[in-house]
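> can't give you the sequence, but here's the structure:
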């Protein structure tokens, strides 16, 4: 399940940065669930989400000297995880197209088994990307608008309007 | 969720559904693996690079030592006689060149005529004039004639009789008249 971690090169953790290891570990504790949920909201596949989140942490570790600020790290890891999850999803779809898989492998989590949940996911997936990430971040860990605006590097007013528009579209979709 | 509350004025069931939908926890083993992976000190890129360079230097040094040992321990080479080309006498090529300038056929009317040029075979003897070449060709024809018998005077093979050497050699003095202007003028007048 976690074979992706074993594939990491051993050079990711450098001796010269060993003094940063405790600090990075704190960041992992703070952001691992957030990164996983962001990836899962895109991929809807637990193992893929874990792989993507772990890869995002690997990238963050390489640039951790520039990401030591707590807010900056959180924002960076969220956006990086989101981008990598989108890329992974496209890659998975291309591979499925090539292999002509019949079963939808992406919807394997028990959360998607519920019909209501499946419809909610469909409503989220129907949103444009810029609205979708706002809904996802606002729905994770109780983020308020200020936190979402910090995470996305957007003005708070922009986040507010996007969230309103996203809610409207989702309600229309579900009704 | 303050974001939803602030916009909708309340935390309704729809917002709670979204929260529940996204409340997926990662596996505890995964979290522990990631934490252990990035918190464990291990040889970094600089150390790995140093090791790589050290290994490369050792390999190069060993290769150089082996090469040097081979050069030093190489026995003197013995060249087989068969491989040595025998000395050859380089003879000059014949400078004689016969150029056949074909006569233009009557029907060409000044059109271009290809001029044949044939180089005679090389001779082992240098001949510098057409007369020598003709004489040598005549000699070869004579030798090839079975009716011709070459006779050689055996007496001519004896060494020549040496000239008598005088017992004494006397050199007589000669007198030379001094050079004068009158003589010079007379010479000019003449």
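Arrived safely. These figures come from a predicted structure and were not determined experimentally.

> drop to CA atoms for contacts and neighbour counts, all remaining ones
Will do.

> tell me which element the most centrally placed residue in chain A falls in.
Central residue of chain A (Cα atoms, centre = their mean): residue A:38, 2.3 Å from the mean position. Element membership for residue A:38 (DSSP states H and E) is helix A:21-43.

> buried sites along the next helix or strand after that helix?
Downstream of helix A:21-43, the next assigned helix or strand under DSSP H and E is helix A:46-62. If you call a residue buried by 16 or more other Cα atoms under 10 Å in any protein chain shown, then helix A:46-62 has these buried ones: A:46-58, A:60-61.

> tilt between helix A:46-62 and helix A:21-43?
Per axes from the mean of the first three to the mean of the last three Cα atoms, to 10 degrees, the angle that helix A:46-62 makes with helix A:21-43 is 140 degrees.

> check whether helix A:46-62 comes near chain B.
Yes - contact of helix A:46-62 with chain B (Cα under 8 Å from any Cα of the partner chain) involves A:46, A:50, A:54, A:61.

> hang on, the earlier thing: could you give the number of residues near the residue lying closest to the residue nearest to the centre of chain A once chain neighbours are set aside?
Spatially, and ignoring its direct neighbours in sequence, residue A:38 is nearest to residue A:82 (6.2 Å; Cα to Cα, 6 or more residues apart in numbering or on different chains). Other residues near residue A:82 come to 25 when the count uses other Cα atoms under 10 Å in any protein chain shown.

> what helices or strands is the helix or strand hosting residue A:82 leaning on?
Here residue A:82, judged by DSSP H and E, is contained in helix A:70-99. Counting contacts by 3 or more Cα pairs under 8 Å, 6 or more residues apart in numbering or on different chains; DSSP states H and E, helix A:70-99 is packed against helix A:21-43, helix A:46-62, helix A:145-152.

> in chain B, which helix or strand is least confident?
Least confident helix or strand of chain B, by mean pLDDT, DSSP states H and E, is helix B:2-8 with a mean of 43.

> domains in chain A, by residue range?
Listed domain ranges for chain A are A:1-108, A:109-175 (source: automatic domain parsing).

> quick one: average confidence on the first one?
Per-residue pLDDT values over domain A:1-108 give a mean of 78.

> stretch A:133-148 close to chain B?
Yes - Stretch A:133-148 reaches chain B (Cα under 8 Å from any Cα) through A:136, A:138, A:139, A:140, A:141, A:142, A:143, A:144, A:145.

> typo on my end, it should be stretch A:168-175
No - contact of stretch A:168-175 with chain B (Cα under 8 Å from any Cα) is absent, the minimum separation being 8.8 Å.

> which parts of that stretch are buried?
For stretch A:168-175, a neighbour-count test (16+ other Cα under 10 Å) marks A:169, A:170 as buried.

> mind checking how far it is from the chain centre?
The chain centroid and the centroid of stretch A:168-175 are separated by 23 Å, computed with Cα atoms, centre = their mean, to the nearest Å.

> residues in contact with that stretch: which ones?
A:119, A:120, A:123, A:124, A:127 (Cα atoms under 8 Å, 6 or more residues apart in numbering or on different chains).

> helices or strands up against the helix or strand encompassing the second one?
When secondary structure is defined by DSSP H and E, residue A:120 falls within helix A:115-125. Secondary-structure packing of helix A:115-125 (3+ Cα pairs under 8 Å, 6+ apart): helix A:129-139, helix A:156-174.

> ok and that helix relative to helix A:21-43, angle-wise?
Counting by the same axes, to 10 degrees, helix A:115-125 lies at 100 degrees to helix A:21-43.

> may I see the buried residues of helix A:115-125?
Using 16+ other Cα under 10 Å as the test for burial, helix A:115-125 gives A:117, A:120, A:121, A:123, A:124.

> same deal with stretch A:26-40?
A:27, A:28, A:31, A:32, A:33, A:34, A:35, A:36, A:37, A:38, A:39, A:40.

> and the longest helix for chain B?
Longest helix of chain B, by residue count under DSSP state H: helix B:45-72.
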